[in-house]
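Q: give me a model of this one.
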Amino acid sequence: MKSSTQDQAEGKIHQVKGDIKKIAGKLSKNPSLEAEGNVEKGAGKVQEKVGQIKKVFGK
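A: So this is what the prediction gives:
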């Protein structure tokens with residue numbers, strides 16, 4: 001698997017994990033877990049964009 005494709009896939013995984021944590025935090029009324037989910041989702045979006053940029057520049 002190319003590095004760009006791997007970054008995109010891992011970014012998607014982090015986004016899904018972030019969504020799950022965010023929902024779990026809301027359901028359990030745990031603002032810390034909800035915030036952690038938001039952070040992980042944001043990091044996943046960044047990682048996915050890095051993979052897209054690598055793909056454009058052929059790295």
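
Q: how about the contacts made by the residue nearest the centre of the chain?
A: In the chain, the centroid-proximal residue (CA atoms, centre = their mean) is Gly44; its distance is 1.9 Å. Contacts for Gly44 (CB atoms under 8 Å, 6 or more residues apart in numbering) come out as 10-18. Bear in mind the C-beta positions are built from the backbone N, C-alpha and C, glycine included.

Q: which parts of the helix or strand encompassing it are buried?
A: Using DSSP states H and E, Gly44 sits within helix 31-57. Within helix 31-57, the residues scored as buried using 16 or more other CB atoms under 10 Å are 33-34, 36-37, 40-41, 43-44, 47-48, 50-51, 54.

Q: got it, and stretch 22-33?
A: 22, 25, 33.

Q: alpha carbons of it, in CSV - could you do that?
A: Written as CSV, here are the backbone C-alpha positions of stretch 22-33 (Å, rounded to 0.1, in the frame of the first residue of the first chain):
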residue,chain,number,x,y,z
LYS,A,22,-18.1,11.5,20.6
ILE,A,23,-21.4,9.6,20.6
ALA,A,24,-20.4,7.5,23.6
GLY,A,25,-19.4,10.7,25.4
LYS,A,26,-22.8,12.2,24.7
LEU,A,27,-24.7,9.1,25.8
SER,A,28,-22.7,8.7,29.0
LYS,A,29,-22.7,12.4,29.7
ASN,A,30,-18.9,12.4,29.7
PRO,A,31,-17.7,15.7,28.2
SER,A,32,-14.1,14.5,28.4
LEU,A,33,-14.8,11.5,26.2
